[in-house]
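Participant: based on what follows, work out the 3D shape:
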Amino acid sequence: MESRSPLERGVAWMLFGLLVAGAVASIALDSGDPGTVAPRESPQVETATPPDDATPAASEGPTTTAAVDDGPGSFTIAATGDLLIHESVANAARTSGGWDFTSMFDSVAPILSQA
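Facilitator: Residues are numbered from 1 along each chain as shown. This is a model prediction of the structure:
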């Protein structure tokens, strides 16, 4: 087995640390039960109503409406295994015009299409 360079090891540890930090932050920010989160108060938005001769005088002036809060957002992370091209893999994907690796991704295509 070939030894990795110090730079490769450093990058690998940095990526691992970022992955762990992201997972910890995600868990810390997720309350788990949406019923335990205090409801957010919607900010009030004032809109000016243009004067209209048909509108009674009592309804003239700004009106107040509540802004819609869509709730927390989400994101998806998807990953697959290595993409090392061994000789047998390259030979299986060889076509007259080059290589076509499409069939080799058939098993992960449904997973990645949901990401």
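Participant: residues touching A90, list them.
Facilitator: By CB atoms under 8 Å, 6 or more residues apart in numbering, the contact set of A90 is W99. Any C-beta I mention is one placed from the backbone N, CA and C, and that applies to glycine too.
Participant: oh, and call the first residue 414 from now on, that's how I've got it
Facilitator: Okay, using 414 as the starting number, the last item reads as A503.
Participant: hmm, which helix or strand of this protein has the shakiest average pLDDT?
Facilitator: strand 457-460 (a mean of 61; mean pLDDT, DSSP states H and E).
Participant: is A479 bridged to anything, and to what?
Facilitator: Under the criterion DSSP bridges, A479 forms beta bridges with Q457.
Participant: tell me how many other residues surround it.
Facilitator: A count of nearby residues for A479, using other CB atoms under 10 Å, gives 10.
Participant: so where's the chain shaky on pLDDT?
Facilitator: 414-415, 444-474 (pLDDT under 70).
Participant: which stretches in it count as helices?
Facilitator: Counting by DSSP state H, the chain has helices at residues 419-442, 500-506, 522-526.
Participant: closest one to V481 among these?
Facilitator: For V481, the closest of the helices of the chain is helix 419-442, at 21.8 Å, according to CB to CB.
Participant: who touches that closest one?
Facilitator: For helix 419-442, contacts defined as CB under 8 Å, 6+ apart pick out R417.
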